[in-house]
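the following comprises the amino acid sequence and a computationally predicted model.
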Amino acid sequence: MMQAAAPRVVLASASTARRAVLDGAGLRFEAQPAAVDEAEIKAAAQAEGIPPADAALMLADAKAERIARRDPEALVIGCDQLLVCEGAWFDKPADLAAARVQLQALRGRTHDLVTAMVCHRHGGRIWQHVAVPRMTMRDFSGAFLDAYLDAEGEVLTRSVGAYRLEGPGAQLFARIQGDHTAILGLPLLPLLGFLRQHGVLGV
């Protein structure tokens, strides 16, 4: 038996990339997007000088807690990412014009993709994990950027980095250090280890 019937696993996210990671690993789960004010949480964290890793955990925890509150028997997974480049925090671009500005700012530079994951059950956090892949963009041309934005379109506004590594966004990079699934927003192997330890997955 690869996965126990209980507890049910719930992903507190609307991310297609995160769902694809869990689907690819053969997990049975439900996806229930959590409505939290991410901008407010980020702003408060920055105002208080909270480090990016702790801020990402705050965001992931808020999502997991929101879903777990109404479904306490489920094992709820909350995730979030912060992109940090030379001390500056980046948000999901509002539109393609903002995506262009963001990619121009990241071009030729290295950034951290701080990826946090939290699990809740029975009214509290029972596990957390943070991964920090380092991403170095190449010094791509303006013509390439135009072609990339045309090819990807509005989907880029759903990503904190304005790129999808599982798509043409891979062509933006010169070097990547870190777990591929963490870059996609859900560090898979640490999660699988946690689920095995708690009897959700077979050993």
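Thanks, I have it.

which element is encountered next along the chain beyond the lowest-mean-pLDDT helix or strand in the chain?
Least confident element among the helices and strands of the chain, by mean pLDDT, DSSP states H and E: helix 38-47 (a mean of 92). Remark: after helix 38-47, the chain's next helix or strand is helix 52-70, criterion DSSP states H and E.

just want the angle from whichever helix or strand comes after that following helix to helix 38-47.
Going down the chain from helix 52-70, the next helix or strand is strand 75-85, by DSSP H and E. If you take axes from the mean of the first three to the mean of the last three C-alpha atoms, to 10 degrees, strand 75-85 sits at 60 degrees to helix 38-47.

who does strand 75-85 pair up with?
Applying DSSP bridges, strand 75-85 is found paired with strand 9-11 (parallel), strand 88-90 (antiparallel), strand 110-121 (antiparallel).

got the angle between it and helix 52-70?
Using the same axes, to 10 degrees: strand 75-85 against helix 52-70 is 150 degrees.

quick revisit: list the helices and strands the least confident helix or strand of the chain packs on?
In terms of contacts (3 or more C-beta pairs under 8 Å, 6 or more residues apart in numbering; DSSP states H and E), helix 38-47 is packed against helix 52-70. For the C-beta atoms, the positions are set from N, CA and C on the backbone; glycine is no exception.

any buried residues in the helix it packs on, and which?
Using 16 or more other C-beta atoms under 10 Å as the burial criterion, the residues of helix 52-70 that qualify are 52-53, 55-68.
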